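Student: Could you work out the structure for the sequence below:
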Amino acid sequence: MNSYSVTKYHPETRGEIDEWTEISDINRTFDEVVFTLEEYLRVESNYVKAIERIIGYLGVKTLTVSYLERRDYDYRPSSKRAFHELYPIRMRDLRKKKVKPGKVLSRDQIPNMLRLMFRNTLYAELEYKESESDEQYSFKVFFGYDYMMGVHSMDDLSSLQDELLHLDMYLDG
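Tutor: Take a look at the predicted model:
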């Protein structure tokens, strides 16, 4: 099994400069720059695109929730309208009632699930097995501390490094 980190942090400066690490950091200042919702959404989108690229490369069509913890919303916009824009109904429904351990997520559901995980409203591990009878997963994605995304894959993903760099994402493994 190959283990990777997919991250926004440049390997040469990781840990050396003050950077945001979660959605609740919005409106805080880092390196004399205010961290905005727009910047958060741009980076979050890059993480989602990175996973979509990886699962596309692997031919994965679904992911199964193997572990799940529900959490409160870490970031709540001040208005109800802004909250609903940030957490559309499909995302809120997925968080409230549709997702549970064993739930198989379609390719259409995976981006919203990832966003809920990035936003700390869910902690989950998502896996793919070649067949239901397999003991071992062939792909797994989860999130660790400080906005680090863990990826385990039976396949070598190093050929995707340059492609992920175009998304400002670093694949370390």
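
Student: okay, CA-based contacts and neighbour counts for the rest of this
Tutor: OK.

Student: Tell me the helices and strands packed up against the longest helix seen in the chain.
Tutor: Looking across the chain with DSSP state H, the single longest helix is helix 37-58. With contacts defined as 3 or more C-alpha pairs under 8 Å, 6 or more residues apart in numbering; DSSP states H and E, helix 37-58 has these neighbours: helix 110-118.

Student: try 10 Å this time
Tutor: With contacts taken as 3 or more C-alpha pairs under 10 Å, 6 or more residues apart in numbering; DSSP states H and E, helix 37-58 sits against strand 2-7, helix 110-118, strand 139-143, strand 149-153, helix 161-165.

Student: Which one of those lies nearest to residue 99?
Tutor: Nearest to residue 99, of all the helices and strands packed on helix 37-58, is helix 110-118, at 8.7 Å by C-alpha to C-alpha.

Student: Can you name the next helix or strand after the closest one?
Tutor: strand 122-128 (DSSP states H and E).

Student: Parallel or antiparallel, which strands does that following strand pair with?
Tutor: Using DSSP bridges, strand 122-128 pairs in its sheet with strand 62-70 (antiparallel), strand 139-143 (antiparallel).

Student: most tightly surrounded among these?
Tutor: Ranked by mean neighbour count, the strands paired with strand 122-128 are led by strand 139-143 with a mean of 21 (mean count of other C-alpha atoms under 10 Å).

Student: So which residue is smack in the middle of this protein?
Tutor: Nearest to the mean C-alpha position of the chain, counting by C-alpha atoms, centre = their mean, stands residue 114 at 4.3 Å.

Student: Just to check, that residue is in contact with residue 108?
Tutor: No. Between residue 114 and residue 108 there is no contact under C-alpha atoms under 10 Å: 11.2 Å.

Student: hang on, the earlier thing: between the helices and strands packed on helix 37-58, which one is closest to residue 55.
Tutor: strand 139-143 (8.6 Å).

Student: tell me the angle of that closest one relative to helix 37-58?
Tutor: 170 degrees (axes from the mean of the first three to the mean of the last three C-alpha atoms, to 10 degrees).

Student: if we can go back for a sec, so how far is the longest helix of the chain off the chain centroid?
Tutor: Its chain's C-alpha centre and that of helix 37-58 lie 7 Å apart, by C-alpha atoms, centre = their mean, to the nearest Å.

Student: What are the buried residues along it?
Tutor: Neighbour counts using 16 or more other C-alpha atoms under 10 Å place 37, 40, 43-44, 46-52, 54-55, 58 of helix 37-58 among the buried residues.

Student: what about that helix, average pLDDT?
Tutor: Mean per-residue pLDDT for helix 37-58: 96.

Student: Check stretch 76-88 too.
Tutor: For stretch 76-88, the per-residue pLDDT averages 84.
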